[in-house]
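A.B. asks: predicted coordinates and the sequence they were generated for:
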Amino acid sequence: MRITGKISQVLPLQQGVSNHGAEWRKQTIVVVEADPSIAFPNEVALDLFNDKIPVTQLTVGQLVDVHFSIRTREYNGRVYNEINVVKFTVSNN
């Protein structure tokens, strides 16, 4: 799946070590869909993990093109969705 839009929020970087001893980093951004034909644009929270996090700083207002996957899992009787970035491009416009 894909969304093109502007970053409306950049949440703090999270990092840690997995149970298997691997270090991980996660950055969540919120993107507002840039489709002028939509009266009420969608906002989507997207997770960037490890090498998907750009070297340059992400800022509110940047135009981005994001390819992502959605995964659903169950934990303790509750269902959760994860929206993970597969490919991420920051536009210079």
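C.D. replies: Good, I have the coordinates. Bear in mind the structure is a predicted one, so any value in this text is a computation, not a measurement.

A.B. asks: can you pull the contacts of the closest residue to Asn50 other than its chain neighbours?
C.D. replies: The shortest distance from Asn50 to any non-neighbouring residue, by CB to CB, 6 or more residues apart in numbering, is to Arg25 (5.5 Å). The C-beta positions use only the backbone N, C-alpha and C, and glycine is treated the same way. If a contact means CB atoms under 8 Å, 6 or more residues apart in numbering, then Arg25 has Leu13, Gln14, Gln15, Phe49, Asn50, Ile53 as its contacts.

A.B. asks: name only those of those residues that count as buried.
C.D. replies: Buried by 16 or more other CB atoms under 10 Å: Ile53, out of the contacts of Arg25.

A.B. asks: now tabulate the contacts of Arg25 in JSON lines and tack on pLDDT, secondary structure and distance to Ile70.
C.D. replies: Output for those, formatted as JSON lines (pLDDT from 0 to 100; DSSP: H, G, I helix; E, B strand; the rest coil; distance: CB to CB, whole Å):
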{"residue": "Leu13", "pLDDT": "94", "secondary structure": "coil", "distance to Ile70": "22"}
{"residue": "Gln14", "pLDDT": "96", "secondary structure": "strand", "distance to Ile70": "20"}
{"residue": "Gln15", "pLDDT": "96", "secondary structure": "strand", "distance to Ile70": "24"}
{"residue": "Phe49", "pLDDT": "94", "secondary structure": "strand", "distance to Ile70": "15"}
{"residue": "Asn50", "pLDDT": "92", "secondary structure": "helix", "distance to Ile70": "19"}
{"residue": "Ile53", "pLDDT": "89", "secondary structure": "coil", "distance to Ile70": "19"}
